[in-house]
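Visitor: This is a predicted model, with the sequence first.
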Amino acid sequence: MLFPLLLPVLAFLPCVLSKTVTYDFNITWTTANPDGKFERKVIGINGKWPIPTIEVDKGDRVIVNMYNGLGDQKTSLHWHGLFMNGTSYMDGPVGVTQCAVAPGQSIVYDFVVDQPGTYWYHSHLKGQYPDGLRGAFIVNDPDDPHKDLYDSEIVLTFSDWYHQQMPSLIKRFLSVANPTGAEPVPQSALINETQNLTVSVEPGKTYLFRLINIGAFAAHYVWFEGHTMQVVEVDGVYTKPMDAQMLYLTAAQRVAVLVTMGNDTSSNFPFMGSMDEDLFDQVPEGLQSNVTGWLVYDSRNENPPAKEISEFDPFDDFLLEPVDEEPLLENPATSITLDVVMDNLGDGANYAFFSGITYVAPKVPTLYTVLSSGNLSTNPVIYGYNTNSHILRHNDVIEIVINNLDPGKHPFHLHGHNFQVIYRSPDDAGAYDPTATHDNPAIPMRRDVVLVNPNGNLVLRFRADNPGVWFFHCHLEWHIVSGLATTFVEAPLQLQSQVVPQDHLDICTAQGLPTEGNAAGNKVDFLDLTGENRSPDPLPAGFEARGIVALVFSCVAAVGGMMVVVWYGMADVPK
Ligand SMILES: *[C@@H]1O[C@H](CO)[C@@H](O)[C@H](O)[C@H]1NC(C)=O
Ligand SMILES: *[C@@H]1O[C@H](CO)[C@@H](O)[C@H](O)[C@H]1NC(C)=O
Ligand SMILES: *[C@@H]1O[C@H](CO)[C@@H](O)[C@H](O)[C@H]1NC(C)=O
Ligand SMILES: *[C@@H]1O[C@H](CO)[C@@H](O)[C@H](O)[C@H]1NC(C)=O
Ligand SMILES: *[C@@H]1O[C@H](CO)[C@@H](O)[C@H](O)[C@H]1NC(C)=O
Ligand SMILES: *[C@@H]1O[C@H](CO)[C@@H](O)[C@H](O)[C@H]1NC(C)=O
Ligand SMILES: *[C@@H]1O[C@H](CO)[C@@H](O)[C@H](O)[C@H]1NC(C)=O
Ligand SMILES: [Cu+2]
């Protein structure tokens, strides 16, 4: 009897297979002590920390009902690496595609995941995620080209850990008391938000390890003692397998590797995350920058300490080739050059600049300005000076040239896309010379976070085939806080067919924030930016960071000197 009824259902089976996965997330404070040295408040979900892994199948629709139960901080969630194609308003960065969700407010994130592989999710409100709101997002794929090469998969997150909370660290970092812009150094390194993690393995089996750096600042050198890795995916892009003994995993990068276990169960093996101390201005005495986990072949074995290695010699991700063999994108219609510089502004704090502009969020999220500005949406002026907005024409090939005029390493991330990495200079090469001949790879590596070398340069390309407002920024949280970000307004006229859900707009309205108008909230005259958010004024001519350092130190010395005088004065004079 049921048979005729089932037939039409079977006809729709391919659609039926994509399911909807719903999560109810109450963002709440809890406490944790992941390095065993200091218990502190952390941002968890539903009273728990670490926060849950989101795991779905390719093609699934994901609905996250998020409630901000923090009481004292706003928040948001970003789905790192997912393109949000057609739903750019679900991307999550505050000031770019939405307002911050205030305590007591809710938001629904609702999107379809059409990419396979290894991602993560985190708060995208200035510097918040290192306080705990960071977790893995895994997309399983029945068509994984490497699926016959492994028996099962294991997710490992790598991160850095601060004992102090971000708001107090940021306040000190971005102040006249820190004129050189020295970034706070983490207290510990973590794997899976803990230390001394053990992973049970079976001899002879091959595992797919999904390695994710969910940290704030430190890149990790990663290796498995006595085992070779085979890289098969970076940032959601399947790659032809390549052997690697050691990886360099910057903040926000993901790498999936195949590791085959030996047959001998008589010993267990350490695997390591070692924070790149080059990133730290100064390495505090006694800092334990290494974190160890163990492949446990037999729980009766002891877990040996990691062997000291003589040098860090990581695998070069530039050599990878995507499985899909997407060819080099030729003849870019637009080339955008971004010069990275750190400098002081008039308030004495140290800021980060892309071509002379440090990012300051606008009064109206840039996406909402696009949607309320009609034909003026193609004029970058309306988005405000300090958003550093660039308009990309629909389907153009876009080239981004990054000249790192700074001695630091920076991992750059683009929302809404991955990009081809067509050139990366070694250290100290200076600015990119477009007139020189470069042998660009015929099939370039693609990913969504890439490292630029100290005082080096980098050339990226992508096609503007995803209308949206996409943030492009350094993924060191300290540098997003100090303004190393720019906004790509991609295909604004095509984007205007997207409709922001009412609950997103209500979040702004309930806080008295505008949802229409230019960066200054002016919806009458979009070209009048009076009242827009601006960075502090530049330093008076002739003032330099060194001057500020001298000034601060002489003040400190003067205050210190006076205190000594007072102290001596108050001490009893010995008879
Ligand atoms: C992990 O082991 C090391 C070495 O024994 C120890 O110093 C550290 O406190 C341990 N970490 C945790 C969180 O227990
Ligand atoms: C979220 O968690 C907080 C703290 O436990 C609780 O007071 C609040 O009622 C919860 N809200 C929702 C919507 O679950
Ligand atoms: C490590 O953490 C991930 C996600 O946070 C989890 O899926 C995985 O099972 C953990 N691995 C181990 C060995 O506990
Ligand atoms: C483990 O044993 C299998 C079957 O005997 C063999 O094919 C394989 O090469 C061995 N692996 C190692 C790492 O020795
Ligand atoms: C961390 O491991 C590296 C590589 O073996 C070693 O050079 C370094 O001394 C270790 N650091 C600490 C603090 O143990
Ligand atoms: C935008 O420009 C198009 C083409 O020039 C024109 O047809 C349309 O009326 C304009 N729309 C507005 C709102 O000005
Ligand atoms: C977005 O979707 C459009 C239309 O389906 C497609 O042509 C384009 O390649 C997609 N872009 C990205 C980045 O996924
Ligand atoms: Cu940076």
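Guide: Okay, I see it. Numbering: from 1, shown residues only. Ligands and ions are numbered 1, 2, ... in the order given.

Visitor: which non-adjacent residue is nearest the residue of the stretch 151-300 of the chain found nearest ligand 4?
Guide: Ranking the residues of the stretch 151-300 of the chain by distance to ligand 4 (C-beta to the nearest ligand atom) places residue 263 first, at 3.7 Å. All C-beta spots, glycine's among them, are computed from the backbone N, C-alpha and C. Residue nearest to residue 263 in three dimensions, not counting chain neighbours: residue 203, with 5.0 Å by C-beta to C-beta, 6 or more residues apart in numbering.

Visitor: returning to what we had before: could you measure from the residue of the stretch 151-300 of the chain closest to ligand 4 over to residue 199?
Guide: 18 Å (C-beta to C-beta, to the nearest Å).

Visitor: the more surrounded of these two?
Guide: A count of neighbours by other C-beta atoms under 10 Å puts residue 199 above the other of residue 263 and residue 199, at 16 against 8.

Visitor: what comes up buried for the helix or strand where residue 508 lies?
Guide: Taking DSSP states H and E as the definition, residue 508 sits inside helix 502-510. For helix 502-510, the neighbour count (16 or more other C-beta atoms under 10 Å) marks 504, 505, 507, 508 as buried.

Visitor: can you point me to the longest strand in the chain?
Guide: strand 20-32 (DSSP state E).

Visitor: Please list the outside residues in contact with that strand.
Guide: With contact meaning C-beta atoms under 8 Å, 6 or more residues apart in numbering, strand 20-32 is reached by 39-49, 52, 54, 56, 60-71, 75, 77, 132-133, 193.

Visitor: try 6 Å
Guide: The contact list for strand 20-32 (C-beta atoms under 6 Å, 6 or more residues apart in numbering) reads 39, 41-42, 44-47, 49, 56, 60-70, 75.

Visitor: quick one, whichever helix or strand comes after that strand and strand 20-32 angle?
Guide: Proceeding N to C from strand 20-32, the next assigned helix or strand is strand 40-45, under DSSP H and E. Inter-element angle recorded for strand 40-45 and strand 20-32: 170 degrees (by axes from the mean of the first three to the mean of the last three C-alpha atoms, to 10 degrees).

Visitor: tell me which strands and helices strand 40-45 is in contact with?
Guide: strand 20-32 (3 or more C-beta pairs under 6 Å, 6 or more residues apart in numbering; DSSP states H and E).

Visitor: partners of the strand it packs on in the sheet?
Guide: As defined by DSSP bridges, the strand partners of strand 20-32 come to strand 40-45 (antiparallel), strand 61-68 (parallel).

Visitor: Any regions of this protein where pLDDT drops low?
Guide: The chain contains residues with pLDDT under 70 at 1-16, 542-575.

Visitor: For residue 251, give its distance to ligand 2.
Guide: Residue 251 is 29 Å from ligand 2, where distance means C-beta to the nearest ligand atom, to the nearest Å.

Visitor: got the contact list for that residue?
Guide: 213, 215, 411, 475, 476.

Visitor: how about a markdown table for these, with secondary structure and neighbour count added?
Guide: Formatted as a markdown table, those follow (DSSP: H, G, I helix; E, B strand; the rest coil; neighbours: other C-beta atoms under 10 Å):
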| residue | secondary structure | neighbour count |
| --- | --- | --- |
| 213 | strand | 27 |
| 215 | coil | 28 |
| 411 | strand | 21 |
| 475 | coil | 24 |
| 476 | coil | 26 |
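
Visitor: what's residue 80 in contact with, if anything?
Guide: 119, 120 are the contacts of residue 80 under C-beta under 6 Å, 6+ apart.

Visitor: If it is in a bridge, with which residues?
Guide: residue 120.

Visitor: I figured residue 402 hits residue 453, correct?
Guide: No: with contact defined as C-beta atoms under 6 Å, residue 402 and residue 453 do not form a contacting pair (10.4 Å).

Visitor: What is the burial count for the residue nearest to residue 263?
Guide: By other C-beta under 10 Å, neighbour count at residue 203 equals 12.

Visitor: What helix or strand is the residue nearest to residue 256 when sequence neighbours are not counted located in?
Guide: Nearest non-adjacent residue to residue 256, counting by C-beta to C-beta, 6+ apart: residue 233, 3.8 Å away. Residue 233 belongs to strand 229-234 when assigned by DSSP H and E.

Visitor: how distant is that strand from the center of its chain?
Guide: 20 Å (C-alpha atoms, centre = their mean, to the nearest Å).

Visitor: Which strands or helices does it pack on?
Guide: Packing contacts for strand 229-234, counted by 3+ C-beta pairs under 6 Å, 6+ apart, involve strand 237-244, strand 254-260.

Visitor: who in this protein is up against ligand 4?
Guide: Proximity of the chain to ligand 4, by C-beta under 6 Å from any ligand atom, involves residues 204, 262, 263.

Visitor: Also within reach of ligand 7: list those from those residues.
Guide: Filtering the residues of the chain next to ligand 4 for proximity to ligand 7 by C-beta under 6 Å from any ligand atom leaves nothing.

Visitor: Quick one: these as TSV, columns for secondary structure too.
Guide: Below are the residues of the chain next to ligand 4 laid out as TSV (DSSP: H, G, I helix; E, B strand; the rest coil):
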residue	secondary structure
204	coil
262	coil
263	coil
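
Visitor: follow-up on the earlier one: which other residues reach the helix holding residue 508?
Guide: For helix 502-510, contacts defined as C-beta under 6 Å, 6+ apart pick out 98, 99, 101, 105, 108, 515.

Visitor: And stretch 175-194, by the same measure?
Guide: 34-35, 50, 156-163, 169, 173, 197, 273, 275, 280-281, 284, 289, 291, 293, 342, 344, 348-350, 478, 545, 548-549.

Visitor: Restricted to strands, list these.
Guide: If you go by DSSP E, the contacts of stretch 175-194 have 156-161, 197, 273, 275, 291, 293, 342, 344, 350 in strands.

Visitor: out of those residues, which touch ligand 3?
Guide: 156, 157, 197.

Visitor: Just the buried ones from the residues you listed?
Guide: Buried subset of these (neighbour count, 16+ other C-beta under 10 Å): 156, 157, 197.

Visitor: What are the neighbouring residues in contact with the first one?
Guide: Spelled out, that is residue 156. Here residue 156 is in contact with 191, 209, 211 (C-beta under 6 Å, 6+ apart).

Visitor: now do the last one
Guide: Applying C-beta under 6 Å, 6+ apart to residue 197 gives the contacts 191, 293.

Visitor: before we move on, back to that, can you list the buried residues of helix 502-510 in a markdown table and add distance to residue 247?
Guide: Shown next, in a markdown table, are the buried residues of helix 502-510 (distance: C-beta to C-beta, whole Å):
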| residue | distance to residue 247 |
| --- | --- |
| 504 | 37 |
| 505 | 42 |
| 507 | 39 |
| 508 | 41 |
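
Visitor: What segments of this protein are helices?
Guide: 3-11, 13-17, 166-173, 366-372, 477-481, 492-495, 502-510, 545-570 (DSSP state H).

Visitor: In the stretch 251-400 of the chain, which residue sits closest to ligand 8?
Guide: residue 352 (6.6 Å; C-beta to the ion).

Visitor: Can you tell me the closest non-neighbouring residue to that residue?
Guide: That would be residue 484: by C-beta to C-beta, 6+ apart, it lies 3.7 Å from residue 352.

Visitor: thinking that neighbour is in contact with residue 353, fair?
Guide: No: counting by C-beta under 6 Å, residue 484 sits too far from residue 353 to count as a contact (7.5 Å).

Visitor: Looking at those two, which one has more neighbours?
Guide: Legend: neighbour count by other C-beta under 10 Å for residue 484 and residue 353, higher for residue 484 (26 against 22).

Visitor: ok now do the more buried one, which residues does it touch?
Guide: By C-beta under 6 Å, 6+ apart, residue 484 lies in contact with 352, 473, 474.

Visitor: and of those, the nearest to ligand 4?
Guide: Nearest to ligand 4 among the contacts of residue 484 is residue 474, at 40.9 Å by C-beta to the nearest ligand atom.

Visitor: If the closest one is in a bridge, with which residues?
Guide: Beta-bridge partners, per DSSP bridges, of residue 474: residue 412.

Visitor: quick one on the thing from earlier: got a quick ChimeraX command for the buried subset of the contacts of stretch 175-194?
Guide: Buried residues within the contacts of stretch 175-194, by 16+ other C-beta under 10 Å, are selected in ChimeraX with:
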select :34,35,50,156,157,158,159,160,161,162,169,173,197,273,275,280,289,291,293,342,344,348,349,350,478,545,548
